[in-house]
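J.: sequence plus the predicted model coming up.
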Amino acid sequence: MKEDVGKRYAAEGMELFRMRIPLCEVIRSMYLLRRTLWLFVVNESDFDSALQLHQMRELNDRVILFFDRAEYYVIRGYMEEMNRKIKELWNLKQEDTEKIFFYQFILIKQ
């Protein structure tokens, strides 16, 4: 499951870079999606007991964990594609782009 999330959202990040969507807008949209999802869950729920409240809190924790993972891999994929494009455009080596990105990318196998 974690590996599937990583592959899926890294690929999404790469595609969003190719679509020329700014990274800040990508992350903002994920925040809005998470917030919209949570408001829907809260508005559609009927709290009758402490158990239901506890279940809601647990659901919230799981949703946050999922989105945190997804955001990490979206950013990672976006930066991997950015790194690839920079090397292509300016004919740079990996050592050159490491000076920009501060570390060597470990590409996620598609």
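T.: Structure received.
J.: how near is the most centrally placed residue in the chain to Arg62?
T.: The residue at the geometric middle of the chain, judged as the C-alpha nearest the mean C-alpha position with CA atoms, centre = their mean, is Glu71 (2.0 Å). According to CB to CB, to the nearest Å, Glu71 and Arg62 sit 15 Å apart. From N, CA and C alone the C-beta is placed, and that goes for glycine too.
J.: now do Ile86
T.: On the measure of CB to CB, Ile86 and Arg62 end up 36 Å apart.
J.: the helices in this protein, which residues?
T.: In chain order, the chain shows helices spanning 2-18, 23-44, 50-90, 94-101, with DSSP state H as the criterion.
J.: need the ones you listed in JSON lines with mean pLDDT, can you?
T.: As requested, those are arranged in JSON lines below (pLDDT from 0 to 100):
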{"stretch": "helix 2-18", "mean pLDDT": "94"}
{"stretch": "helix 23-44", "mean pLDDT": "94"}
{"stretch": "helix 50-90", "mean pLDDT": "92"}
{"stretch": "helix 94-101", "mean pLDDT": "78"}
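J.: so which of those helices is the most packed in?
T.: Mean neighbour count, computed with mean count of other CB atoms under 10 Å, is highest for helix 2-18 among these, reaching a mean of 17.
J.: okay, the angle between that helix and helix 50-90?
T.: Compare the direction of helix 2-18 with that of helix 50-90 by axes from the mean of the first three to the mean of the last three CA atoms, to 10 degrees and you get 50 degrees.
J.: what packs against helix 2-18?
T.: The helices and strands touching helix 2-18, judged by 3 or more CB pairs under 8 Å, 6 or more residues apart in numbering; DSSP states H and E, are helix 23-44, helix 50-90.
J.: and the angle for it with helix 23-44?
T.: The directions of helix 2-18 and helix 23-44 differ by 130 degrees, with the same axes, to 10 degrees as the criterion.
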